[in-house]
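structure, please.
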Amino acid sequence: MESASVAVGHADEHEHHGPPEAHHSSRVEAQFLGMLLFIISEVMLFGAFFTAYFFLRVVAKDTWPGPGMHIPRLVAGVNTAILFSSSFTMHWALEAARRGNRAALRAGLVTTFALGTSFLAIQINEYVKLGFAPHDSAQATIFYSLTGLHGAHVFVGLNLLLYATIRAFRGHFSPKEHRGVEVPGIYWHFVDVMWLIVYTTVYII
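Numbers count the residues shown, from 1 in each chain. Alright, predicted model coming up:
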């Protein structure tokens, strides 16, 4: 009887109910891994549009910008400076969260959100005044596709920043727990770097 009860006890120990436990990497946290994989997929998406751009310019040897297209390089340059500066304020906000400085954290997030909103507003205003539409030519289609795709990513980033800012004002972050600032920050830096590539390619080269 004793051996039977011991056997039953061991069976209970090894019996598992429900789905298997999720595997967690000891090196990369799930939040970071998810964001990195998402960014990789977005790089591939941008790469498809850049392929069309370089095919038009290198293979087809079409002029850039196309006939009737006037691209406001100066306005785009100012807008680039605005967005690029938001990377510094985002980094400032993250460092403030790590130090437990909630006032600086809130100021950094609000400033980053304001700079990102300004960038998007200027880009929309640029679209209104461009004088050409996406269907006018292949060059116009690629221009709107690349800049518009990036603008959509800025909009997504602003929503992430808004959520992080609301949480910051509610006192959710601490030096030990600030993933809600760090993960959106990774995405925001990706958006900024990608714009530098888009700006250099579309407006400068």
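
how many neighbours does the residue lying closest to residue 29 once chain neighbours are set aside have?
Nearest residue to residue 29, sequence neighbours excluded (C-beta to C-beta, 6 or more residues apart in numbering): residue 179, at 7.7 Å. C-betas here are computed from N, CA, C, even on glycine. Around residue 179 there are 13 other residues, counting by other C-beta atoms under 10 Å.

I'd assumed residue 31 was in contact with residue 179.
Yes - contact criterion C-beta atoms under 8 Å: residue 179 and residue 31 qualify, at 5.3 Å.

what mean pLDDT does stretch 164-181 get?
On average, the pLDDT along stretch 164-181 is 91.

would you mind writing the CA trace of that stretch as CSV?
Provided in CSV are the C-alpha atoms of stretch 164-181 (Å, rounded to 0.1, in the frame of the first residue of the first chain):
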residue,chain,number,x,y,z
ALA,A,164,3.6,55.8,-22.4
THR,A,165,3.0,59.5,-21.5
ILE,A,166,-0.3,58.8,-19.9
ARG,A,167,1.2,56.0,-17.9
ALA,A,168,4.1,58.2,-16.9
PHE,A,169,1.7,60.8,-15.5
ARG,A,170,0.0,58.1,-13.5
GLY,A,171,3.3,57.1,-12.0
HIS,A,172,3.6,53.6,-13.5
PHE,A,173,7.3,53.6,-14.2
SER,A,174,10.2,53.1,-11.9
PRO,A,175,14.0,52.5,-12.1
LYS,A,176,13.3,48.7,-12.0
GLU,A,177,10.3,48.7,-14.3
HIS,A,178,10.4,51.0,-17.3
ARG,A,179,9.8,48.6,-20.2
GLY,A,180,6.8,50.7,-21.2
VAL,A,181,9.2,53.5,-22.1
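
check which residues of it are buried.
164-165, 168, 173, 178, 180-181 (16 or more other C-beta atoms under 10 Å).

now the end-to-end length of stretch 94-112.
11 Å (C-alpha to C-alpha, to the nearest Å).

now that stretch, how far from the chain's geometric center?
19 Å (C-alpha atoms, centre = their mean, to the nearest Å).
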